[in-house]
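Peer 1: okay, here's the prediction I keep looking at, along with the sequence it came from:
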Amino acid sequence: MTQGTMDPKLKSLNEIENVIAKAIKKVGGRKENDLCRYIPMTTGGYMHHFTLKKMKTRQPQELGTMIEKFIINVEKPGTVTPKSRAARGSRKRRDQITFTRGQLEKMLSLAKLTGEKEMIAILSPKRSLATCKRELISSIRHGIVEQDLWNAYAEAINTQQAVNALAETMFPQPAK
């Protein structure tokens, strides 16, 4: 390269830096990211600061044109309204029914009165292994046989064994 010629990339980087500095001054900002709110995007809303950084290095001519069009060549640049976003919690299912604890207890008692075993199983709260043991021992002491309690105990034991087996396969213990 001779002394009088400049690399085209360096020339475009210097030019874009000058355009950015001029635009920052015009909008009264302090940094490059302050320009983003003034540059509209085709997808809606204003330019993201990551996009500005990428365009600055990869497409400086296009970025310079956009800055000139929306900030420098406009008498009073206006901010672009942000892209509308989905409200928080909007992804929750609307058709799913939620019940209060009292409502669930009423439904469970109705299911018990009618003898609906499947509904009883669905609506009954899942018991921990310790709770099942305690209730089962208590019922044995009182001489009461409850098949549902035994089933809950068996289910809790099976769940505990499945969790232990999964833990052993995922996190094997070193041999001693």
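Peer 2: The structure has been received and is ready for your questions. Residues are numbered from 1 along each chain as shown.
Peer 1: contacts and neighbour counts: CA atoms only from here.
Peer 2: Fine.
Peer 1: on contacts alone, who are the packing partners of the helix or strand of the chain with the lowest mean pLDDT?
Peer 2: Least confident helix or strand of the chain, by mean pLDDT, DSSP states H and E, is helix 117-123 with a mean of 80. Helix 117-123 is packed against helix 101-114, with contacts defined by 3 or more Cα pairs under 8 Å, 6 or more residues apart in numbering; DSSP states H and E.
Peer 1: now the helix it packs on: mean pLDDT?
Peer 2: Summarised as a single mean, pLDDT over helix 101-114 is 87.
Peer 1: which strands and helices lie in contact with it?
Peer 2: Packed next to helix 101-114, using 3+ Cα pairs under 8 Å, 6+ apart, are helix 117-123.
Peer 1: now the helix it packs on: buried residues?
Peer 2: Ile120 (16 or more other Cα atoms under 10 Å).
Peer 1: which residues touch it?
Peer 2: Contacts with helix 117-123, where a contact means Cα atoms under 8 Å, 6 or more residues apart in numbering, come from 104, 107-108, 111-112.
Peer 1: after it comes which helix or strand?
Peer 2: The C-terminal neighbour of helix 117-123 among helices and strands, as given by DSSP states H and E, is helix 129-141.
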